[in-house]
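> quick one: sequence plus predicted model below, questions after.
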There are 2 protein chains.
Amino acid sequence: MRMQSTMMPVPLSLNHFLERARLYHPKVEIVSRMPDKSLHRHTYADFHRRAKGLAEALVTAGIKPGDRVATLMWNHYAHLECYFGIPAAGAVMHNLNLRLFPHDIAFIVNHAKDRFLIVDDVLLPLLAQFAKDVNFERIIVVPLTGKPVEQGHEDYEAFIGKATGDFNCVEVDENAPCGMCYTSGTTGNPKGVVYSHRSTVLHTLVAALPGGINVSGTDTVLPVVPMFHANAWGLPFMSTFVGAKQVFPGPHLDSESLLDLYQRERVTVTGGVPTIWLSLLQTLRANPAKYDLVPGMRMLVGGSAAPESLFRGFDEFNLEVATAWGMTETSPLGTVSVLKPQMRSLSKEEQYGFRTKQGMAAPLVDIRLIGDEGEVPWDGSSVGEIQVRGPWVTGGYHDLPLNESSFTADGWLRTGDVGCIDSEGFLRLTDRTKDLIKSGGEWISSVDLENAVMGHPAVLEASVIAVPHPRWAERPLAVVVLRPGMRATGEEIRDHLAKTFAKWQLPEGFAFVNEIPRTSTGKFLKTKLREMYKDWKWE
Amino acid sequence: MRMQSTMMPVPLSLNHFLERARLYHPKVEIVSRMPDKSLHRHTYADFHRRAKGLAEALVTAGIKPGDRVATLMWNHYAHLECYFGIPAAGAVMHNLNLRLFPHDIAFIVNHAKDRFLIVDDVLLPLLAQFAKDVNFERIIVVPLTGKPVEQGHEDYEAFIGKATGDFNCVEVDENAPCGMCYTSGTTGNPKGVVYSHRSTVLHTLVAALPGGINVSGTDTVLPVVPMFHANAWGLPFMSTFVGAKQVFPGPHLDSESLLDLYQRERVTVTGGVPTIWLSLLQTLRANPAKYDLVPGMRMLVGGSAAPESLFRGFDEFNLEVATAWGMTETSPLGTVSVLKPQMRSLSKEEQYGFRTKQGMAAPLVDIRLIGDEGEVPWDGSSVGEIQVRGPWVTGGYHDLPLNESSFTADGWLRTGDVGCIDSEGFLRLTDRTKDLIKSGGEWISSVDLENAVMGHPAVLEASVIAVPHPRWAERPLAVVVLRPGMRATGEEIRDHLAKTFAKWQLPEGFAFVNEIPRTSTGKFLKTKLREMYKDWKWE
Ligand SMILES: Nc1ncnc2c1ncn2[C@@H]1O[C@H](COP(=O)(O)OP(=O)(O)OP(=O)(O)O)[C@@H](O)[C@H]1O
Ligand SMILES: Nc1ncnc2c1ncn2[C@@H]1O[C@H](COP(=O)(O)OP(=O)(O)OP(=O)(O)O)[C@@H](O)[C@H]1O
Ligand SMILES: [Mg+2]
Ligand SMILES: [Mg+2]
């Protein structure tokens, strides 16, 4: 017989994290902004007791391993309790995206076959809009406002309060599911991804490393990214694991409220999509001396491409924007842009070159670029479809047939993103496959153009799409939002771009608008834009 | 059917680390001190090519998954190649402890059924002493001195040089073995522990975290602890994984050689047993201004208890001693003493209280204390046997029957160490079960006494053992080595101790010696001491 390892077969489990919180970090704080803007504070000891209370109550209520319990919640302490309490019951946490259209939420609830719902009282009006299309066995309401919970619904506090406290977490196989999220639906219908204890534990370990997202016990972490968007990028798992202080913004995501929390709670790590940071930067600029933030606070950005101007802008305030790329399908950490030690001696300009890239594959993630003729070299310019593989990457979608357009025959995920990788191993995303512009037989990167347009001082936001063109098949159209009180013509912006782009790459037209339509997770909704501008008249 | 996770079934594998080194850290250096004291330098790109060459050559030579390939080597680049090249062949690296008696090495080689040996040319004289008792199919010699390899043996450079370079690492199940080590034999015969890809990968991920041993890409790491002693505590795996520069001392472990390397290569993290650090401290003190080391260099200490004077001594030089506790059986990371954020505002004295403890269980490791009446509370004083459980903890010994004295019925490892845990979760080791002193029905901690005796300014080293006593069953005897040129009497040391110990806890006698016998891994050999002093005449 072949030699066997003598190691214990101990499964990876989120329950270990939960117990660790009590044993080693009982006094560390969890701070949440409530709907009335007051701050709710408690500790990991409270969190541990309440999350286990939730688990016990769920088991008592008949939840079995693998059953889905949905959440419809903002980012706050009770949502964190669900992150650990639902898996501790052996069940699967399914966080619902409250920014979707109600009928889309209903579709997802039914597709996932959610049994119970835990919902913020302030979100009951949203629930009312799709309640008739779904069939929850129980609806448990978190009384954030302090008002009594209405008849027919259960009070979360009463529900978890019934627990005896004498409960051992349900132990399941490490490959058993513990959570699920649906994709943002930017390119089509949202698709379900089901995480396991194993994938979540491994993702947490790696993402917490300095070469990953870098969260340690000395940090104070505020996820602006919603806890229903790819698990708030895993930040709540990481923070709990390392015992970092956690700060949650609740429903108050306006810049003033966030800045106030950053300052008050001495936040050191935060994460959000570019839109959030763009508006935060405007607020800071409007009143540069108002806020006293922790110098060097790291602001993770992901979800869509962030313009270089964002990095430069926050650098002026000694706040460090750091790029990560990922997908609901990748738990979500795929790549992260961390400067290598030798890059720290580069000029600031050269550093921007790397910092604005999507970065290196996270440890344990394999990445490759596939072009028409197979693998594309890592030369910094050759472009291909990004494919990934790893223990926290999905190999399929929940309750959907395996699809060649999403997975390769040799088991890699086709991300639908295209980009190039340089000789340092840094990925640069140039587009989504579906957003590529093919003009006169040549590909044009919409992301590169957007970034450059947003570099014009008068431009607040810009999205570039392909519009049919009689001669060139497609030509780029830039949809532009100007900064309040500022002016610029298409001609001026084109001149600005002509410094760095070839003539045939320049936008053929400019549409000035007040707002660009967005997806539920804050991305430019290009499907909508293409629809809006499909009959654009080229001059 | 219960819901399934959609995650890819990607196994954890050391091969991923090896490929990562080439992709992301090709230019990072690996520096090794050669037998002639010159420095050998190459890069991760070289390391990758050569380790894969070794793997290919092993497979070509007939090594099959699970076969054992032994190493008899100092710490250097070729040993690192074995760390990854042997597993990349699907085989099991078995590093032999060159400090054991030759007949013990032979016993271990035969017990492990090692097929091949890779050996430093400078260690051939040692091999000659047991060669007739073992039966390696092939002996591959690393020509560290540059002299031609003698007939009958194979040249490592030629062996790996034959590789075509067109080789894919052998992929095995994540639970398949990749390495094995034998315990130090402090309390009995060395026992074999077999690590798996899974256990090694998980250990590496966690140990690299700031809450673990804390190694990142910005570090330069020098393991003084031998690569045959619990895999040099995993430092080579961690360093390769994060792309840290690695520095190896080769056979030159004297203080001057080490200090020279620290200074020259700007080392930031190092690890070794207390003896090594005690002599290093003496050298530094003898010539305080001679060396310019990286301020705050972290010096991990483990393997046996480190006296508080060591922490204080190095603090004067702005070098930070940090305690870790572990065993060959635990890969080896069990606990590590990392101050919690709120502890950083304690006084220096209070900090020593925590820093000298063995610390908190590493993430993913469960720990408990078992006394006569079951679990002992974490109150900082109640003492029990330390038991551990986790994915990198052994559940048995290679080719030995499962033994109740080593494993509990519910699957925990009985470490044979005793200690207490405080309310912060910090473990303090007070003894090994076998070294406990029972005097008049009361337990006395030999470790506490040793630490205090070594706190006396005239004492260099001290070991305290139980010696039979006609009236009290056992009484403590302190075996003491004085600092060169210093003097102290037993009476004086006893007076010094009387400030902190009760009278009945004080050593009953003092034996002054020039040297304390040690194990192959640098621990006090108390079995030998007890034998030597069993007929001690109490006054
Ligand atoms: N740092 C980044 N830079 C650019 N794009 C990013 C970045 N991070 C994420 N993205 C984009 O977000 C996508 C993943 O987003 P998510 O999983 O939220 O759903 P979606 O892809 O927007 O929606 P759907 O898959 O339903 O169309 C990536 O495939 C990529 O296109
Ligand atoms: N920081 C530490 N402080 C005190 N003791 C330690 C520390 N780290 C390790 N040890 C001791 O070392 C032991 C593990 O050592 P190792 O695996 O090298 O073999 P050994 O226990 O000395 O030998 P054997 O098991 O064969 O008797 C632990 O069980 C503990 O007694
Ligand atoms: Mg997508
Ligand atoms: Mg032992």
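Okay, I see it. Ligands and ions are numbered 1, 2, ... in the order given.

> is stretch A:326-343 anywhere near ligand 1?
Yes. Using C-beta under 6 Å from any ligand atom, stretch A:326-343 reaches ligand 1 at A:Gly326, A:Met327, A:Thr328. Backbone N, C-alpha and C define where each C-beta goes, glycine included.

> I meant stretch A:366-386, not that one.
No. Stretch A:366-386 does not reach ligand 1 (C-beta under 6 Å from any ligand atom); its nearest approach is 8.3 Å.

> end to end on that stretch, go ahead and measure it.
Using C-alpha to C-alpha, to the nearest Å, one end of stretch A:366-386 lies 10 Å from the other.

> from the chain's centroid, how far away is that stretch?
25 Å (C-alpha atoms, centre = their mean, to the nearest Å).

> what residues does it touch?
Stretch A:366-386 is contacted by residues A:334-335, A:361, A:387-390, A:408, A:412, A:414-423, A:425, A:427-430, A:433, A:443, B:16 when judged by C-beta atoms under 8 Å, 6 or more residues apart in numbering or on different chains.

> name only those of the residues you listed that count as buried.
A:334-335, A:361, A:387-390, A:412, A:414-421, A:425, A:427-430, B:16 (16 or more other C-beta atoms under 10 Å in any protein chain shown).

> the longest helix in chain A is where?
helix A:44-60 (DSSP state H).

> now that one - C-alpha only, PDB.
Extracted C-alpha coordinates of helix A:44-60, given in PDB (Å, rounded to 0.1, in the frame of the first residue of the first chain):
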ATOM      1  CA  TYR A  44     -17.400  39.700  19.500                       C
ATOM      2  CA  ALA A  45     -18.600  38.000  22.700                       C
ATOM      3  CA  ASP A  46     -22.100  39.300  22.100                       C
ATOM      4  CA  PHE A  47     -21.800  38.400  18.400                       C
ATOM      5  CA  HIS A  48     -20.800  34.900  19.300                       C
ATOM      6  CA  ARG A  49     -23.600  34.400  21.700                       C
ATOM      7  CA  ARG A  50     -26.200  35.800  19.300                       C
ATOM      8  CA  ALA A  51     -25.000  34.000  16.200                       C
ATOM      9  CA  LYS A  52     -25.100  30.700  18.100                       C
ATOM     10  CA  GLY A  53     -28.500  31.700  19.400                       C
ATOM     11  CA  LEU A  54     -29.600  32.200  15.800                       C
ATOM     12  CA  ALA A  55     -28.200  28.800  14.800                       C
ATOM     13  CA  GLU A  56     -29.900  27.100  17.600                       C
ATOM     14  CA  ALA A  57     -33.200  28.800  16.800                       C
ATOM     15  CA  LEU A  58     -33.000  27.900  13.200                       C
ATOM     16  CA  VAL A  59     -32.400  24.200  14.000                       C
ATOM     17  CA  THR A  60     -35.200  24.200  16.500                       C
END
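
> pick out the residue in the stretch 301-450 of chain A sitting closest to chain B.
For the stretch 301-450 of chain A and chain B, the shortest gap (C-beta to the nearest C-beta) falls at A:Gly395, measuring 3.8 Å.

> list the contacts of that residue.
A:Gly395 neighbours (C-beta under 8 Å, 6+ apart): A:Phe407, A:Gly411, A:Leu413, B:Thr6, B:Met7, B:Met8, B:Pro9.

> ditto for A:Ala498
So A:Ala498 contacts A:Leu506 (C-beta under 8 Å, 6+ apart).

> what pLDDT does it get?
With respect to pLDDT, A:Ala498 has a value of 95.

> same check on the one 4 residues further on?
At A:Ala502, the model reports a pLDDT of 92.

> what about it, neighbour count?
Using other C-beta atoms under 10 Å in any protein chain shown, A:Ala502 has 9 other residues around it.

> could you measure from it over to A:Leu436?
According to C-beta to C-beta, to the nearest Å, A:Ala502 and A:Leu436 sit 17 Å apart.

> pLDDT-wise, which helix or strand of chain A ranks last?
In chain A, no helix or strand scores lower on mean pLDDT, DSSP states H and E than strand A:442-444, which sits at a mean of 90.

> check which helix or strand covers A:Leu460.
Using DSSP states H and E, A:Leu460 sits within strand A:459-469.

> which elements pack onto that strand?
With contacts taken as 3 or more C-beta pairs under 8 Å, 6 or more residues apart in numbering or on different chains; DSSP states H and E, strand A:459-469 sits against helix A:274-286, strand A:437-439, helix A:446-454, strand A:473-482, helix A:526-532.
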